[in-house]
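> Got a predicted structure plus its sequence, pasted below:
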Amino acid sequence: MKNFTKEVLFSKDAILGRVKGLAEDIRRDYYGKDLLLIGVLNGVFMFFSDLVKYLDMPVKVDFVRLASYGSGAKSSGDVRVLKGIEMSVTGRDVLVVEDIVDTGYTVDVLIKMIKAKNANSIKVCALIDKAERRMVDVPIDYTGFAVEKGFVVGYGLDYDEQFRYFQEIYTLHETGV
Ligand code: 5GP
């Protein structure tokens, strides 16, 4: 079993304050429209739930699950769809909700999938943007936090299925075996 130290990057209050701010921006832009939020499982579940609560307006929700092949923590452009979109997208305003946009491969594939279904509009909301690791240029319309480096866990985000339940977001440091 590997050992880790972790340090708080974003407190519970900082996260909820930022999610409220994102919800206000999204509500202002979409109020009265037929908004469909598509969340990218699994890491997005806490963020998605808080965002929908703070949006406080009628929205439809759906989820996708995508897996990318790569070596270790590295992502690759080879993205596999484990669970696709079930809700009708045609003519709807779609907002993709991601936990982290890292290389951008996942969001890129998802945007292409949604475009092929003739959505009225497509935008992206990411809790964390790791812009410095981007491999493919993807637009992010609503960003929670910018993170330059490090691996983060908590608030739904895991390392090997651990740490999802934390209410804060931490940077994880591996200290050996
Ligand atoms: P990409 O943008 O590279 O296609 O992949 C983004 C996905 O990689 C995120 O949805 C998330 O699942 C995972 N990911 C990237 N960076 C981190 C990180 O720092 N912590 C965690 N827990 N997952 C990450």
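It's in.

> Strands of this structure, residue ranges please.
Assigned strands in the chain, in chain order: 3-10, 35-41, 60-68, 79-83, 93-101, 121-129, 142-146, 151-153, 169-176 (criterion: DSSP state E).

> can I get those in TSV with distance to the ligand, mean neighbour count and mean pLDDT?
Backbone N, C-alpha and C define where each C-beta goes, glycine included. As requested, the strands of the chain are exported to TSV (distance: least, C-beta to the nearest ligand atom, whole Å; neighbours: other C-beta atoms under 10 Å; pLDDT from 0 to 100):
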stretch	distance to the ligand	mean neighbour count	mean pLDDT
strand 3-10	10	15	93
strand 35-41	6	22	98
strand 60-68	5	16	94
strand 79-83	7	13	92
strand 93-101	4	24	98
strand 121-129	7	22	98
strand 142-146	12	18	98
strand 151-153	4	21	96
strand 169-176	8	15	90
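
> OK, contacts around the residue nearest to Thr171 when sequence neighbours are not counted?
Nearest in space to Thr171, with sequence neighbours left out and distances taken as C-beta to C-beta, 6 or more residues apart in numbering, is Gly150 at 4.4 Å. By C-beta atoms under 8 Å, 6 or more residues apart in numbering, the contact set of Gly150 is Leu9, Thr171, Leu172.

> quick one, phi psi at Gly150?
Main-chain torsions, Gly150, degrees, to the nearest 10: phi 100, psi 160.

> How much space separates it from the ligand?
7 Å (C-beta to the nearest ligand atom, to the nearest Å).

> what separates that residue from Glu98, distance-wise?
18 Å (C-beta to C-beta, to the nearest Å).

> Over to Lys117?
Taken as C-beta to C-beta, the span from Lys117 to Glu98 is 18 Å.

> ok, and for the top helix by length along the chain, which residues are buried?
Using DSSP state H, we find that the single longest helix of the chain is helix 12-30. The neighbour-count criterion (16 or more other C-beta atoms under 10 Å) identifies Ile15, Arg18, Val19, Leu22, Ala23, Ile26, Tyr30 as the buried residues of helix 12-30.

> Which pair in those residues has the greatest spatial separation?
Ile15 and Tyr30 (22.0 Å; C-beta to C-beta).

> related to what we said a few turns ago, may I see the strands of the chain organised as JSON lines, with distance to Val109 added?
Below are the strands of the chain laid out as JSON lines (distance: least, C-beta to C-beta, whole Å):
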{"stretch": "strand 3-10", "distance to Val109": "27"}
{"stretch": "strand 35-41", "distance to Val109": "10"}
{"stretch": "strand 60-68", "distance to Val109": "7"}
{"stretch": "strand 79-83", "distance to Val109": "4"}
{"stretch": "strand 93-101", "distance to Val109": "11"}
{"stretch": "strand 121-129", "distance to Val109": "12"}
{"stretch": "strand 142-146", "distance to Val109": "20"}
{"stretch": "strand 151-153", "distance to Val109": "22"}
{"stretch": "strand 169-176", "distance to Val109": "25"}
